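**Student:** Sequence first, predicted coordinates after that:
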Amino acid sequence: MVRTSHTTAVRVVAGVAGLGAAAAVGVALRRRRSTRGLTLSVDVGPDALLRTPTFDADVRELTTPDGATINVRSYGPRDGEPIVLSHGWMCSTDYWYPQVNALAGKYRVITYDQRGHGRSTVGTARFGPDVLADDLAMVLDATLQEDRKAVVVGHSMGGMSIIAWAGRYPEQVKKYASAVMLASTASDSLIAETTLIPLPSGFPRVPVPVGRAILASPVPLVYPGTMAKAVRYVSMSPNATPGEVQFCEKIMRECEPRVRGGWGAALSTLDIREGLDNLNVPTTVLVGALDRLTPQVQARKLAQVLDDAGNLERLIVLPGVGHMSSIENIDEFDKEIVRLRNL
């Protein structure tokens with residue numbers, strides 16, 4: 001059973017139909033804040049929220065015990081209610097531009113580059129869930145004021161970071177988080193349950209060695225035409241706009257091949273299920289109905305564990321959306337962040 005606001009038993013399906021462009025693209029984003037503190041794409045035009053934010057970023061560099069430098073960028077009023085965003089594999093803080101543009105007029109939006117991604121360096125620690133947990137813990141400790149808790153949002157590997165953090169630092173969950181959102185993510189069986197690789201009849205699942213080899217491949221992404229098609233197939237839906245595909249392609253292309261391969265190998269054997277037991281704050285699970293990388297079966301498993309423990313806030317399935325859920329349906333994604341912020 002899936003709960004809404006801890007009381008009503010419902011299953012929430014957020015749709016994309018009917019969201020048309022309603023205002024001129026040229027209107028400045030920071031002048032189009034709604035009374036809820038949220039700018040919607042229907043108010044500023046198609047792909048407008050994908051632009052580089054005009055908000056000034058407070059930039060910090062955190063040094064980990066093993067020598068990595070973690071790039072942290074915070075936007076919006078310093079006294080605003082905090083929202084911490086953790087991005088996925090092959091992405092960077094740039095991935096969260098739509099959320100910064102939509103939310104930083106009212107909220108304190110905190111982003112960081114995962115280790116080896118964007119402007120963060122690699123360090124000497126071996127890639128794995130403990131590193132994801134340690135880096136997120138450092139970011140939360142460094143950026144949150146003592147009397148403020150954040151809505152902590154993770155997409156894909158960012159969601160895995162949150163689950164790993166809850167498993168490694170259970171005492172920090174209620175200290176730092178008022179609510180959590182796990183988007184397009186999983187806790188285990190990434191290769192076994194992916195629908196990314198079409199299989200011939202008689203093969204129920206991708207052989208682990210094959211899937212691991214694909215995820216761990218350090219082959220450079222250098223062919224523009226081919227790359228765009230690959231990004232759409234692997235991580236987006238046929239409904240994604242050319243602007244959305246181009247936005248994601250640019251970010252993913254900037255990820256160094258050795259980092260992509262190293263993290264791909266680490267994720268291929270990931271099993272952090274025990275961390276879900278410690279997510280004892282209201283937690284929404286969100287997935288695109290057409291997600292191939294972390295399909296609905298993964299989201300429903302997460303939701304079931306959370307619901308059994310009484311911590312599931314909502315399960316949201318976005319029709320017609322692929323893995324890049326926060327890009328393909330910015331408005332519904334952001335509305336849920338604000339709803340969690342207002343609990």
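**Tutor:** Right, received. Where do you want to start?
**Student:** Now do the residue nearest to residue 50 when sequence neighbours are not counted, the pLDDT please.
**Tutor:** Nearest residue to residue 50, sequence neighbours excluded (C-beta to C-beta, 6 or more residues apart in numbering): residue 247, at 4.7 Å. (Glycine included, C-beta is placed from N, CA and C.) pLDDT recorded at residue 247 is 96.
**Student:** and if you look at the one 4 residues further on?
**Tutor:** The predicted local distance difference test score for residue 251 is 95.
**Student:** Residue 42 now?
**Tutor:** pLDDT at residue 42 comes out at 89.
**Student:** was I right about it contacting residue 331?
**Tutor:** Yes - contact status for residue 42 versus residue 331: in contact at 6.8 Å, counting by C-beta atoms under 8 Å.
**Student:** ok, those two, which is more surrounded?
**Tutor:** Set residue 42 next to residue 331 and count neighbours by other C-beta atoms under 10 Å: residue 331 wins out with 19 against 15.
**Student:** Roughly how far does that one sit from residue 108?
**Tutor:** 21 Å (C-beta to C-beta, to the nearest Å).
**Student:** Also residue 292?
**Tutor:** Distance of residue 292 to residue 108, computed by C-beta to C-beta: 34 Å.
**Student:** so where do the strands sit in the protein?
**Tutor:** With DSSP state E, the ranges of strands along the chain come out as 3-4, 8-9, 58-63, 69-75, 82-86, 108-112, 150-155, 177-183, 283-288, 312-318.
**Student:** so can I have JSON lines of those strands showing mean pLDDT, mean neighbour count and distance to residue 239?
**Tutor:** Shown next, in JSON lines, are these (pLDDT from 0 to 100; neighbours: other C-beta atoms under 10 Å; distance: least, C-beta to C-beta, whole Å):
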{"stretch": "strand 3-4", "mean pLDDT": "38", "mean neighbour count": "18", "distance to residue 239": "26"}
{"stretch": "strand 8-9", "mean pLDDT": "29", "mean neighbour count": "8", "distance to residue 239": "30"}
{"stretch": "strand 58-63", "mean pLDDT": "98", "mean neighbour count": "13", "distance to residue 239": "35"}
{"stretch": "strand 69-75", "mean pLDDT": "98", "mean neighbour count": "22", "distance to residue 239": "29"}
{"stretch": "strand 82-86", "mean pLDDT": "98", "mean neighbour count": "27", "distance to residue 239": "23"}
{"stretch": "strand 108-112", "mean pLDDT": "98", "mean neighbour count": "28", "distance to residue 239": "26"}
{"stretch": "strand 150-155", "mean pLDDT": "98", "mean neighbour count": "28", "distance to residue 239": "18"}
{"stretch": "strand 177-183", "mean pLDDT": "98", "mean neighbour count": "26", "distance to residue 239": "17"}
{"stretch": "strand 283-288", "mean pLDDT": "98", "mean neighbour count": "28", "distance to residue 239": "10"}
{"stretch": "strand 312-318", "mean pLDDT": "98", "mean neighbour count": "23", "distance to residue 239": "10"}
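**Student:** who wins for proximity to residue 95 among those?
**Tutor:** Of all the strands of the chain, strand 150-155 sits nearest to residue 95, with 7.4 Å by C-beta to C-beta.
**Student:** by contact count, what packs against that closest one?
**Tutor:** On a contact count with 3 or more C-beta pairs under 8 Å, 6 or more residues apart in numbering; DSSP states H and E, strand 150-155 meets strand 82-86, helix 157-168, strand 177-183, helix 330-341.
**Student:** got the angle for it vs strand 82-86?
**Tutor:** Strand 150-155 and strand 82-86 are oriented at 20 degrees to each other (axes from the mean of the first three to the mean of the last three C-alpha atoms, to 10 degrees).
**Student:** Give me the contacts around strand 150-155.
**Tutor:** Strand 150-155 is contacted from outside by 82-88, 91, 95, 99, 110, 140, 144, 160-162, 176-185, 325-326, 337, 340-341, using C-beta atoms under 8 Å, 6 or more residues apart in numbering.
**Student:** For it, C-alpha coordinates in CSV please.
**Tutor:** Output of strand 150-155 as CSV, limited to C-alpha atoms (Å, rounded to 0.1, in the frame of the first residue of the first chain):
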residue,chain,number,x,y,z
ALA,A,150,16.7,19.6,3.8
VAL,A,151,14.6,17.7,1.3
VAL,A,152,17.3,15.4,-0.1
VAL,A,153,16.7,14.4,-3.7
GLY,A,154,18.7,11.9,-5.6
HIS,A,155,18.5,10.9,-9.3
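**Student:** in its sheet, what does it sit against?
**Tutor:** Within its sheet, strand 150-155 is paired with strand 82-86 (parallel), strand 177-183 (parallel), according to DSSP bridges.
**Student:** would TSV of the helices and strands packed on strand 150-155 with distance to residue 313 be doable?
**Tutor:** Output for those, formatted as TSV (distance: least, C-beta to C-beta, whole Å):
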stretch	distance to residue 313
strand 82-86	15
helix 157-168	14
strand 177-183	7
helix 330-341	7
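**Student:** Quick one: closest of those to residue 54.
**Tutor:** With C-beta to C-beta as the measure, helix 330-341 is the member of the helices and strands packed on strand 150-155 nearest residue 54 (16.9 Å).
**Student:** What are the contacting residues of the closest one?
**Tutor:** Residues from elsewhere that reach helix 330-341 (C-beta under 8 Å, 6+ apart): 14-16, 19, 36-38, 40-42, 49, 81, 83, 98-99, 102-103, 107, 151, 153, 178-181, 183, 282, 284, 286, 313-314, 316, 318, 325-326.
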